[in-house]
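1. Kindly generate the corresponding structure for this input.
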Amino acid sequence: MSQNNKKRNILTKIAKELNTIVETMLISFFIVSMVFTYFFKVATVKGSSMENTLMPKDRIIALSIYPDIKRGDIVIINAQDAVMLDENGNPSAKSGLGKEIVKRVIAVGGQTVDIDFEAGDVYVDGEKLSESYITGLTHLDEGAFTGQYPITVPDGYIFVLGDNRGVSKDSRSIEIGLIAESAVNGKVMLRISPLENFGFVN
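-> Predicted coordinates for the structure are as follows:
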């Protein structure tokens, strides 16, 4: 075999290997992009309503597809609508906060929520919650259900509160109220930044 043919064969092999590497990289990029588009949501925490569980500018990853929502979950919410209860206890929606927020689920459909604003205690189905995650007690009534407590959360809705109860705008607020389960954009699982606080979020 001539020297030129040897060089040509070597170059052909190199080209094939490079082509394989490029194809593998493109496929990997496509798969990662699809996974993050349909299964995960990356978000940045804004504001102090979830301190000290989540701090301002924390980067978090949430599952976009999840089996269910339960009490204690931290969720990303599309708060476009504010849902109140009419005199018959039926949900009634109006224009809401108009942005995404991160809050903790306190009650789901069928559960009853009561708040003793004087004592600062929250009750679900008559049981006082032991909330080790909160920063301050729940003294602030923001008008969403004033005079209606205890309230029963309709099926398909959730009642949410921030962990920093003194500053959080949440289901107590007339700008938020109850949240339709369809307005939950993700269940928060992981903090990825800052790196020193990397880990699962509870």
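2. And the helices in the chain, which stretches?
-> 3-38 (DSSP state H).
3. Which parts of it are strands?
-> Secondary structure of the chain (DSSP state E): strands at 40-44, 59-63, 74-78, 81-85, 91-95, 100-108, 112-116, 121-124, 127-128, 151-152, 157-161, 179-180, 184-193, 199-200.
4. most tightly surrounded among those?
-> strand 157-161 (a mean of 25; mean count of other CB atoms under 10 Å). In this view, the C-beta of every residue, glycine as well, is placed from N, C-alpha and C.
5. Which strands or helices does it pack on?
-> Judged by 3 or more CB pairs under 8 Å, 6 or more residues apart in numbering; DSSP states H and E, the packing partners of strand 157-161 are strand 74-78, strand 100-108, strand 179-180.
6. as a whole number, average confidence for that strand?
-> For strand 157-161, mean pLDDT is 98.
7. that older thread, dump the strands of the chain to CSV, plus distance to N19.
-> As requested, the strands of the chain are exported to CSV (distance: least, CB to CB, whole Å):
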stretch, distance to N19
strand 40-44, 30
strand 59-63, 33
strand 74-78, 41
strand 81-85, 51
strand 91-95, 54
strand 100-108, 42
strand 112-116, 60
strand 121-124, 59
strand 127-128, 63
strand 151-152, 62
strand 157-161, 51
strand 179-180, 49
strand 184-193, 34
strand 199-200, 40
